[in-house]
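[1] quick one, what's the 3D model for this:
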Amino acid sequence: MPELPEVETTARLIRPGVEGRRIAGVEVEWPRTVGALTPKAFAQAVTGTRIVRVSRRAKYVVLHLERRGRPAGVLLVHLRMTGRLVVEPRRAPAPPYRRVSLGLDRGTLHFLDVRKFGRFTFHEDAAKALAHLGPEPLEDAWLAEDFSRALRTRKRQIKPLLLDQSFLAGLGNIYVDESLHGARIHPEQPAHRISSAKARHLHSEIRRVLSAAVEREGSSFDAFYRTPEGQPGSYQHLFQVYGKQGEPCPRCGRSIRRIVVGQRGTHFCPACQAAPRRSR
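    The predicted structure follows:
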């Protein structure tokens, strides 16, 4: 599933083609994609609005809408496993796997999704729709001191906690594994037993890994993730542990292991990331 770097890449690349454009028409090919609204209600809600800004929140691309100079809600796009956004600058045949298309006053924005898990939904109140999300790890407001304090109040294992979007927004399996390896923290370590120094190190590693992945337009480790321009990301070439089971750790040479933590496949180095001591 696309994580923060892939979604940030998508938002950045579609921005020039859709910001300032008016939505002149809507086609919904797969009704479940637009959520609770019927295709007709969805079209009525967004037709005639203008996309004034494209941003990202957690794993959502956010299209901010305006009607007659006033806020008119948002479109939240969750790519899930195989979703893609593609901007066609001029009229062209509909691409394969199209689920929703926004006809703009110049060009078309298509939402493509092979497996039909993605969502392209309208919400009148953006703050309410996104209220369940935790802080953004790449924003300056996310401080190491606050992160350390939050860890001390949680007794969950660190891997599932970092995957919890209400605790920290945007991280998924790939970047949690890579960040924990960088900080030398075992994925099963209880969060409240992570020292302040380790918490600061993990905070730094999360920001470093995410920033590097955004710079390389995310990770393409399967056939599904492609940028809106149809290109793969390249951060997968820098993976240290993710998907590397049986290969030597680039830091110490010990074989990378794969275990299941919180029902998720998890990759780590048993030497660099020592297992937590069990409480008596």
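[2] low-confidence regions, this protein specifically.
    Along the chain, segments meeting pLDDT under 70 span 279-280.
[3] would you map the helices across this protein?
    Under the criterion DSSP state H, the chain carries helices at the ranges 4-18, 39-46, 126-129, 144-152, 158-163, 173-183, 196-215.
[4] if I pick F167, what's in contact with it?
    F167 is in contact with 134, 150, 154, 161, counting by Cβ atoms under 8 Å, 6 or more residues apart in numbering. The way it works is simple: take the backbone N, C-alpha and C, and place the C-beta from them, glycine included.
[5] what's the spacing between the last one and R154?
    I take that to be L161. Using Cβ to Cβ, to the nearest Å, L161 is found at 6 Å from R154.
[6] quickly list what's touching both of these two.
    Residues touching both L161 and R154 (Cβ under 8 Å, 6+ apart): 167, 191.
[7] between these two, who's got more neighbours?
    L161 (20 against 16; other Cβ atoms under 10 Å).
[8] now the more buried one. Nearest residue, chain neighbours left out?
    Among residues not flanking L161 along the chain, A191 sits closest, at 5.1 Å (Cβ to Cβ, 6 or more residues apart in numbering).
[9] for C269, same thing?
    C249 (4.0 Å).
[10] pull out the buried positions in stretch 155-170.
    For stretch 155-170, burial by neighbour count (16 or more other Cβ atoms under 10 Å) applies to 157-163, 167-170.
[11] make that stretch 20-27, sorry
    21-23, 26.
[12] could you dump those residues to JSON lines with distance to R207?
    Compiled in JSON lines, the buried residues of stretch 20-27 are given as follows (distance: Cβ to Cβ, whole Å):
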{"residue": "R21", "distance to R207": "33"}
{"residue": "R22", "distance to R207": "37"}
{"residue": "I23", "distance to R207": "35"}
{"residue": "V26", "distance to R207": "38"}
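[13] so what are the domain limits for this structure?
    For the chain, the structural domains run 4-129, 144-268, going by automatic domain parsing.
[14] sorry, back to before: need the winner for burial among the helices of the chain.
    helix 173-183 (a mean of 25; mean count of other Cβ atoms under 10 Å).
[15] now do the contacts for the closest residue in space to E6 that isn't next to it in sequence.
    Closest residue in space to E6, ignoring its immediate chain neighbours: G218 at 3.6 Å, by Cβ to Cβ, 6+ apart. Shown in contact with G218 (Cβ under 8 Å, 6+ apart): 2-3, 5-6, 8-9, 225, 227, 233, 235.
[16] any figure for the gap between G218 and P5?
    Taking Cβ to Cβ, one finds G218 at 4 Å from P5.
[17] what residues do the two have in common as contacts?
    With Cβ under 8 Å, 6+ apart, G218 and P5 have common neighbours 233, 235.
[18] leaving out chain neighbours, which residue sits closest to A213?
    Nearest to A213 is P5, by Cβ to Cβ, 6+ apart, at 3.6 Å.
[19] what's the spacing between that neighbour and G35?
    25 Å.
[20] quick one: the strands in the stretch 51-200 of the chain, in order.
    Secondary structure of the stretch 51-200 of the chain, counting by DSSP state E, counting those that start in this stretch: strands at 60-67, 70-78, 83-88, 98-104, 108-113, 119-123.
[21] which neighbouring elements make contact with the shortest one?
    Using 3 or more Cβ pairs under 8 Å, 6 or more residues apart in numbering; DSSP states H and E as the contact criterion, the secondary-structure elements in contact with strand 119-123 are helix 39-46, strand 70-78.
[22] mind putting these in CSV, distance to L138 included?
    Listed next are the helices and strands packed on strand 119-123 as CSV, based on distance: least, Cβ to Cβ, whole Å:
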stretch, distance to L138
helix 39-46, 29
strand 70-78, 19
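[23] who wins for proximity to G182 among the ones you listed?
    strand 70-78 (27.3 Å; Cβ to Cβ).
[24] compute the inter-axis angle for that closest one and strand 98-104.
    Orientation check (axes from the mean of the first three to the mean of the last three Cα atoms, to 10 degrees): strand 70-78 against strand 98-104 gives 150 degrees.
[25] no further questions, thank you.
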